[in-house]
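J.: Predicted model and sequence below, questions to follow.
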Number of protein chains: 4
Amino acid sequence: MPVHPPQPSAMPTEPTPQHAPREHAFPVRVYWEDTDAGGIVYHASYLRFLERGRSEWLRARGVDQAGLRERERLQFAVVDMHIEWRRAARYDDALVVLTALGEARGARFDFEQRIVRGAELIVAATVRAAALDADSLKPRRLPPHVTQCFA
Amino acid sequence: MPVHPPQPSAMPTEPTPQHAPREHAFPVRVYWEDTDAGGIVYHASYLRFLERGRSEWLRARGVDQAGLRERERLQFAVVDMHIEWRRAARYDDALVVLTALGEARGARFDFEQRIVRGAELIVAATVRAAALDADSLKPRRLPPHVTQCFA
Amino acid sequence: MPVHPPQPSAMPTEPTPQHAPREHAFPVRVYWEDTDAGGIVYHASYLRFLERGRSEWLRARGVDQAGLRERERLQFAVVDMHIEWRRAARYDDALVVLTALGEARGARFDFEQRIVRGAELIVAATVRAAALDADSLKPRRLPPHVTQCFA
Amino acid sequence: MPVHPPQPSAMPTEPTPQHAPREHAFPVRVYWEDTDAGGIVYHASYLRFLERGRSEWLRARGVDQAGLRERERLQFAVVDMHIEWRRAARYDDALVVLTALGEARGARFDFEQRIVRGAELIVAATVRAAALDADSLKPRRLPPHVTQCFA
């Protein structure tokens, strides 16, 4: 499915040092629920995998999403994504979601993510998330105790 | 959630005349299955809505995806998407998926899609699909009888 | 897939007169999102279809689930289901979800539901739902203004 | 949500010795994708969790579902399920899917499954699966090399 070459500038696979050089790895197994009758993983299933990767990245940094929502009425939402499906994954494949923080500023923070199967790149995505007020759903500046976890 | 301004050049909402000026509208109701515990529609659910819109666009043009796969071993896959989540939709909302063909060339074809709630823009997406051989999953030129349906 | 005969007593397809003889019909189209790599509709997708049927049944009776939750902190949950998958549906199939209320008493109400493709029975289900307090998640008696809608 | 007492006869939680006394445990984390705007896990998501449990049970026994389908045109399908939702799980919960084989005979095999959160029972299910011919979708006797794995 590599129909067209990736845009390297829009899809950096090597994050620059100032942008979180540490890449977080999270394994995902492909189950029947993730596939479609085309015989491969349904394209939107990868967004679920990417979100698991970001959720685990946050957990690894000590950010408690459920607690933030309940106690501070702060929640995160994805606001922008560029995603390329480069190869097809199949039932039972053992994938790994790789997540690195890009820039975090104001209410928003960016991620570079990849999904790989061994050495093969399956999916590449640039994701922009935003912190929102859980009631008004308006953007809200990330509190320092959260951005400290990102550092 | 309009955290940042859209890039008009990357997200044309007014397709140029040579690129299928006719926009196809398909209604989608939001059910519990589409929402998450943040109280709003789960971000990946919109990709399912967009795909329903493209499937109905194809059906309206007389393209029979199931038949193409079975008889010609041709199937379609999404290979690239830029998507912006501009506002949050909620349980029970009546949405409309708007779909317009962009360029179609070789094995690939592009769509401009929007999801709206009344006059409000909820999601905007630029989607690149590709025709694949159903067995090898390699890109395969769109056959003339399909591109004729696109015209 | 009709491996074993249905238990007619547990799966009445003809509701008795005192149990809502009127059967509500709601069409559902099968999209790629609903299928799996087995080439057929993923078994859990039918539960989404059944829920759309119940949601539309409620809407047709004038019950506003979103409003009930917001204004009265009342929400519905499925607590018990017996479901039989009798035949496989496929991509692009046009299905119909048939819904009839069974008994409604206290906090709970039962549905008999079927999913059909033309004259073929695809899925049969007996579903028990309960009214819950949205905060405590404890069962709460259905208010009269709701049970009146059920009559 | 324990609206009504479970039927012990229909929901044996202690499998008899001749029916696979060994219970297989598989952990599942709740992500946003699994929840709905009711604030809890969407009821159909548990069927995905149960299927992951059965898939991992099969893998642990050395049954390769992808290989069976490709090489022997044999696939499995769920044909009957009785499921009770006993308590609500929430975002970020760490659940465990417990799976035990019941009877296996001819083309079909039964499972007793539970989903627990620590000592709390969240979901209990009795599941009947069937072996099908991948092309005709008709029931097909389980081959000895598979039933040997079940022993």
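T.: Structure received. Everything numeric in this text was worked out from a predicted model, so none of it was measured.

J.: switch to C-alpha atoms for all contacts and neighbour counts from now on
T.: Will do.

J.: Distance from the chain centre to the helix or strand containing A:Leu95, please.
T.: A:Leu95 is part of strand A:94-105, with elements assigned from DSSP states H and E. Its chain's average C-alpha position is 5 Å from that of strand A:94-105, according to CA atoms, centre = their mean, to the nearest Å.

J.: Ok, stretch A:22-36 next?
T.: Worked out by CA atoms, centre = their mean, stretch A:22-36 lies 12 Å from the chain centre.

J.: same deal with stretch A:129-143?
T.: Stretch A:129-143 has its C-alpha centroid displaced from the chain centroid by 18 Å (CA atoms, centre = their mean).

J.: So it, near chain D or not?
T.: No: Stretch A:129-143 does not reach chain D (CA under 8 Å from any CA of the partner chain); its nearest approach is 12.6 Å.

J.: what comes up buried for that stretch?
T.: A:129-134, A:137-142 (16 or more other CA atoms under 10 Å in any protein chain shown).

J.: do that stretch and chain B meet at all?
T.: Yes: using CA under 8 Å from any CA, stretch A:129-143 comes into contact with chain B via A:130, A:132, A:134, A:137-139.

J.: got the contact list for that stretch?
T.: Stretch A:129-143 is contacted from outside by A:69, A:73-80, A:105-111, B:1, B:3, B:38, B:88, using CA atoms under 8 Å, 6 or more residues apart in numbering or on different chains.

J.: For that stretch, give the mean pLDDT please.
T.: Averaged over stretch A:129-143, pLDDT sits at 96.

J.: which ones are touching A:Arg61?
T.: A:149-150.

J.: Out of the residues of stretch A:129-143 next to chain B, flag the one nearest to A:Gln148.
T.: Each of the residues of stretch A:129-143 next to chain B was checked against A:Gln148 using CA to CA; the closest is A:Ala130, at 16.3 Å.

J.: what bridges to that closest one?
T.: Beta bridges link A:Ala130 to A:Ala77, A:Arg108, judged by DSSP bridges.

J.: where exactly do the strands run in chain A?
T.: A:24-29, A:74-85, A:94-105, A:108-117, A:120-133 (DSSP state E).

J.: Tell me which of those lies nearest to D:Val96.
T.: Checked against CA to CA, the stretch from these lying closest is strand A:24-29, at 16.1 Å.

J.: Neighbouring strands - and their directions - for that closest one?
T.: Sheet pairing of strand A:24-29 (DSSP bridges) gives strand A:94-105 (antiparallel).

J.: what's in contact with the strand it pairs with?
T.: By CA under 8 Å, 6+ apart, strand A:94-105 touches A:15, A:19-30, A:49-50, A:53-54, A:57, A:109-118, A:142, A:147, A:150.

J.: ok, and for that strand, which residues are buried?
T.: For strand A:94-105, the neighbour count (16+ other CA under 10 Å) marks A:95-102, A:104 as buried.

J.: Next one: A:Gly102 from C:Arg86, what distance?
T.: 50 Å (CA to CA, to the nearest Å).

J.: just A:Arg69 next, same as before
T.: 42 Å.

J.: When those two are compared, which one has more neighbours?
T.: C:Arg86 (21 against 17; other CA atoms under 10 Å in any protein chain shown).

J.: pLDDT score assigned to the more buried one?
T.: Per-residue confidence (pLDDT) for C:Arg86: 98.

J.: Am I right that it is in contact with C:Ala125?
T.: No: applying CA atoms under 8 Å as the test, C:Arg86 and C:Ala125 come out as separate, 10.6 Å apart.

J.: burial count for the residue lying closest to A:Gly38 once chain neighbours are set aside?
T.: If you skip the residues right next to it in sequence, A:Gly38 has C:Ala37 as its closest partner in space, 6.5 Å away by CA to CA, 6 or more residues apart in numbering or on different chains. Residues near C:Ala37, counting by other CA under 10 Å, number 22.

J.: mind listing what C:Ala37 touches?
T.: Residues in contact with C:Ala37 (CA under 8 Å, 6+ apart) are A:32, A:35-40, A:91.

J.: could you redo the last one with a cut-off of 10 Å?
T.: C:Ala37 is in contact with A:31-42, A:90-91, D:66, counting by CA atoms under 10 Å, 6 or more residues apart in numbering or on different chains.

J.: Now do the buried residues in the longest helix along chain A.
T.: Ranked by residue count, the top helix of chain A under DSSP state H comes out as helix A:45-60. Using 16+ other CA under 10 Å as the burial criterion, the residues of helix A:45-60 that qualify are A:45-58.

J.: ok, and which of the residues you listed reach chain B?
T.: Contacts with chain B within those, as defined by CA under 10 Å from any CA of the partner chain: A:45-48, A:51.

J.: List, out of the residues you listed, those positioned next to chain D.
T.: Okay, of those touching chain D (CA under 10 Å from any CA), that's A:45, A:47-48, A:51.

J.: for these, which one is nearest B:Gly62?
T.: Using CA to CA, A:Ser45 comes nearest to B:Gly62 of those, at 27.6 Å.

J.: ok, the closest residue to the closest one other than its chain neighbours - contacts?
T.: Spatial nearest neighbour of A:Ser45, excluding adjacent residues (CA to CA, 6+ apart): A:Asp34 at 5.6 Å. Residues near A:Asp34 by CA under 10 Å, 6+ apart: A:40-46, A:48-49, A:89-92, C:33, C:35-37, C:42, D:48.
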